[in-house]
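S.K.: model this:
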Amino acid sequence: MLTVYNCIVNEHDPRLVLLAGVLGAIASFAAVTLLRHLRKSNGQTRLLWTAVAAICFGFGVWATHFVAMLAFSPGLPTAYDVPITALSLVLAVLCSGLGMSIATARPTLDHHLVGGAVIGAGIAVMHFTGMIAFEVEGRLEWDMTLVVASLVAGIVLGALAIRIALERVSGKRNLAASLVLTLAICTMHFTAMGAASIVPDPSITISQFSVPSAALAAAVTLAAIMIFAMTALALWVDIRDKRRAVAEERRMRGLANAAFEGLIVCDDTKIVTANQSLARLCGRSIEELSGMDFTVIFGAIDQNGAIAEQPVWETTLEHADGTSRPVELLSRVIDYNGKPHTVIAIRDLRERKKQRPISDALPCTIH
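M.R.: The predicted structure is shown next:
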């Protein structure tokens, strides 16, 4: 840790380090916001949102890396190989897109962690490809312990950030996920920079076809402008969709609360909204039910596609006080906010179960 600290303090311009952190934070916030829309979309729309989110975060990681590299002052002439620098940007975008696709494919822990780990690994791939493009009149030597530590930091923090972002939607979680993702970028970069040592070597010269740092700064500025544009787009779409979602939810909740039966609307296994009848039946508030996995209150349900295969069945409902009660569930697929959701009606069967048939109650007489 001391090596990394000395690298940041003694070999970097603190103003550019701060700028790199700000760029990383903006890119992370935009990516987390866009992830929410990616998760709700499908078909061609899903591909579009994946591309937008991947470009936004990929450019953000790339810009953060090279602003931090501009802050690096080894005391020797430096430049960058153009094709490899461009390759590092392409890899950042591709890895980001792959990780986001995996993370949003299903709302499960394994998809979130694997997708986040791929994003974190993509940060490392971009960084070390960028370091291959880095030219200096000397030899780069690596502390492999810190190299491994940088890889682990990027992967673990990337997985954690995506899990926080996708586990449940809320403003606080978005902010927390953005901060953790920013930490993944910065921790990975500066730990890896602490692992690198430059040994001056007069026999090594910089290629005449390489790009000087000043030209790279112009490219980074263009990337930063793109990040800001993507962030503005993400915020505009987010505000628009929130207004639509609020209006749709109010309409659906008004209809649902008029029903005597319990009703829930689910996105896969996650409850999007519920009515007052169900809230009373299970002893929970509507706010508490929203975002909850429905298997928490219907523990006896087969989680392997029971809804799709059997639209009507009996099970037990788990009350908040720990008791259970028999219920009948009826399901149907509806369009909600432009995406297929499952609406489930819940009927309380306690009274029906208490009523035994007369034939069962009368003793059998033999003549």
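S.K.: Could I get the full set of helices for the stretch 101-250 of the chain?
M.R.: Secondary structure of the stretch 101-250 of the chain by DSSP state H, counting those that start in this stretch: the helices cover 109-133, 144-167, 171-195, 213-257.
S.K.: Which positions within the shortest one qualify as buried?
M.R.: Read it as helix 144-167. 146-147, 149-151, 153-166 (16 or more other C-beta atoms under 10 Å). Heads up, the C-betas are built off the backbone N, CA and C, glycines and all.
S.K.: quick revisit: ranked by average pLDDT, which of the helices of the stretch 101-250 of the chain falls at the bottom?
M.R.: Mean pLDDT per stretch puts helix 213-257 lowest among the helices of the stretch 101-250 of the chain, at a mean of 67.
S.K.: and residue 51, how far is that from residue 86?
M.R.: Using C-beta to C-beta, to the nearest Å, residue 51 is found at 18 Å from residue 86.
S.K.: cool, residue 53 as well?
M.R.: 21 Å.
S.K.: before we move on, what about residue 346?
M.R.: 56 Å.
S.K.: Could you check which of these two is surrounded by more residues?
M.R.: residue 346 (23 against 14; other C-beta atoms under 10 Å).
S.K.: for the more buried one, what are its contacts?
M.R.: When the contact criterion is C-beta atoms under 8 Å, 6 or more residues apart in numbering, the partners of residue 346 are 261, 262, 263, 264, 278, 281, 317, 327, 328, 329.
S.K.: How about residue 91?
M.R.: The contact partners of residue 91, taken as C-beta under 8 Å, 6+ apart, are 122, 125, 126, 129.
S.K.: Format these as JSON lines; extra columns: neighbour count and distance to residue 352.
M.R.: As requested, the contacts of residue 91 are arranged in JSON lines below (neighbours: other C-beta atoms under 10 Å; distance: C-beta to C-beta, whole Å):
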{"residue": "122", "neighbour count": "27", "distance to residue 352": "55"}
{"residue": "125", "neighbour count": "19", "distance to residue 352": "60"}
{"residue": "126", "neighbour count": "30", "distance to residue 352": "61"}
{"residue": "129", "neighbour count": "19", "distance to residue 352": "66"}
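S.K.: still on that earlier bit, can you flag the buried ones in the contacts of residue 346?
M.R.: 261, 262, 263, 264, 278, 281, 317, 327, 329.
S.K.: which of those lies closest to residue 223?
M.R.: Out of these, the one with the shortest distance to residue 223 is residue 264. That distance is 44.1 Å, counting by C-beta to C-beta.
S.K.: May I have the beta-bridge partners of the closest one?
M.R.: Under DSSP bridges, the beta-bridge partners of residue 264 are residue 274, residue 344.
S.K.: quick one: contacts for it?
M.R.: 271, 272, 273, 274, 275, 278, 289, 294, 343, 344, 346.
S.K.: shouldn't the fifth one be in contact with residue 282?
M.R.: Same thing as residue 275. No - with the criterion set as C-beta atoms under 8 Å, residue 275 and residue 282 do not qualify as a contacting pair; they are 11.5 Å apart.
S.K.: list residues touching both of the two?
M.R.: Counting by C-beta under 8 Å, 6+ apart, the shared contacts of residue 275 and residue 282 are residue 262.
S.K.: Make a markdown table from the contacts of residue 91 and add distance to residue 19 to it.
M.R.: Converted to a markdown table, these look like this (distance: C-beta to C-beta, whole Å):
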| residue | distance to residue 19 |
| --- | --- |
| 122 | 22 |
| 125 | 23 |
| 126 | 18 |
| 129 | 22 |
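S.K.: Residue 172: which of those is nearest?
M.R.: Proximity of the contacts of residue 91 to residue 172 (C-beta to C-beta) peaks at residue 122, which lies at 26.0 Å.
S.K.: pretty sure that closest one is touching residue 92, no?
M.R.: Yes - shown here, residue 122 and residue 92 form a contact pair, counting by C-beta under 8 Å, at 6.2 Å.
S.K.: which residues do these two both contact?
M.R.: Shared contacts of residue 122 and residue 92, defined by C-beta under 8 Å, 6+ apart, are found at 58, 61.
S.K.: Tell me the secondary structure at residue 284.
M.R.: Taking DSSP: H, G, I helix; E, B strand; the rest coil as the rule, one finds residue 284 in the coil state.
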